[in-house]
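Engineer: Fold the stuff below for me.
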Amino acid sequence: MYSNGTGFLDLPPLMKIINLILSGTLPNKMIVDMVYPLLLGIGAVISGFLGFHVKYVTKAITSLEHRVILERTKATLFDRALSNGQGRTEHTDMPRFTNPFDQGWYRNLRQVLGANLLLIFLPIPIQPPPPCVPYLKESGKKQ
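Structural biologist: Residues are numbered from 1 along each chain as shown. Take a look at the predicted model:
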């Protein structure tokens, strides 16, 4: 508590805030001081979600596919650790998972956001680019 009887963010004790709410005399500054940390926390969580989904878009995978890749990698490492008997494995020979829809990070972003990134901020309709048709790397044929 500060010397003027307030605490964190210069807010009074909880009972005084409740009394101000019940009496209907809660100042606007106090409302903003209470809501700001909540909105800041929500913004941080949403920014984290945005970061993960931009990563997924650049790799052309979904969150479910990412989870499956993690589970398969973990199972492979666990199996190798058991067969090795040492509890350690080398990461150099990990299996690679190829995604037939991956066109590279820039083309993946263009596929989702459109050719001109400035147009995503304007309320005008734009034509999406043609869908990605995956190719099999071994045969070079369309799936």
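
Engineer: so Pro128, which of the three states?
Structural biologist: Here Pro128 is recorded as coil under DSSP: H, G, I helix; E, B strand; the rest coil.

Engineer: Thought Ala115 was touching it, still the case?
Structural biologist: No - applying Cβ atoms under 8 Å as the test, Pro128 and Ala115 come out as separate, 9.5 Å apart. From N, CA and C alone the C-beta is placed, and that goes for glycine too.

Engineer: mind giving me the domain ranges of the protein?
Structural biologist: 1-59, 62-98, 102-143 (automatic domain parsing).

Engineer: Make TSV out of these and add mean pLDDT and mean neighbour count.
Structural biologist: Shown next, in TSV, are these (pLDDT from 0 to 100; neighbours: other Cβ atoms under 10 Å):
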stretch	mean pLDDT	mean neighbour count
domain 1-59	85	11
domain 62-98	76	11
domain 102-143	75	11
